[in-house]
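**Student:** compute the structure for the input listed below.
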Amino acid sequence: MRNEVSYYPEILSFIKNTLKSNFVAADKDSIEIYWGKGELKTNLKRIIAENPSVPACIVEYANKVQPLDLDVFALITDGHTFEIAILEVKLMKSVGLKEWSQLIGYCLVSDAKYGLLININNGCSSRLFDILRFENHMSEIINYANNNYHYHYLGFMQWNSITQNFEYTNLGFIRSLSMLSRKLIENFNH
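**Tutor:** Numbering: from 1, shown residues only. Below you'll find the predicted structure:
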């Protein structure tokens, strides 16, 4: 029987290939994606050590961010600025408000703009379904801190391990990888 960690390679490969394809189609093929599994601060420092040409703003962020034990995160950069996307990957019969709240907390503490809750081969509870369907502020969060507004966009997706593809639920602000790509491209166009 597989555990959730054993699905990471296929999920991350699919996400990276999809995002990179969308970036190339938008003439943004210089955007790079680096993955980290586990503790955020330590893995950011590893990525920086392995890729010394990353922008100084990433080094600054890595020095000030709090240690957080995440499932997976993506560091996405155009060589000038960057974004963090947190992926909470679960292998549960049904994910619920507890897992969604965990993702929100990680995004707020790390100031990650993007977060995806991914359940392998299953969906979410009826309560979480209703919250994400009718309470938009639960997946498009605006936080005011240090005299700045910080925006967080979250989504829920299902990974089908048989087809090795996402089944989009249309729940949350980020409803597909194409939408995530568009938001990232918008960020890097500014």
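**Student:** which stretches in the chain count as helices?
**Tutor:** Here the chain has its helices, by DSSP state H, at 8-25, 40-50, 56-64, 97-110, 126-134, 177-188.
**Student:** now those as TSV including mean neighbour count?
**Tutor:** Heads up, the C-betas are built off the backbone N, CA and C, glycines and all. Putting the helices of the chain into TSV (neighbours: other Cβ atoms under 10 Å) gives the following:
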stretch	mean neighbour count
helix 8-25	16
helix 40-50	16
helix 56-64	13
helix 97-110	18
helix 126-134	15
helix 177-188	18
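**Student:** closest to Tyr149 out of those helices?
**Tutor:** Evaluated with Cβ to Cβ, those place helix 97-110 nearest to Tyr149, the distance being 13.0 Å.
**Student:** between the closest one and helix 40-50, how many degrees?
**Tutor:** 50 degrees (axes from the mean of the first three to the mean of the last three Cα atoms, to 10 degrees).
**Student:** between helix 97-110 and helix 126-134, how many degrees?
**Tutor:** Using the same axes, to 10 degrees: helix 97-110 against helix 126-134 is 50 degrees.
**Student:** show me which residues of the lengthiest strand in the chain are buried.
**Tutor:** Ranked by number of residues, the top strand in the chain under DSSP state E is strand 148-160. Under the neighbour-count criterion of 16 or more other Cβ atoms under 10 Å, strand 148-160 has 152-159 buried.
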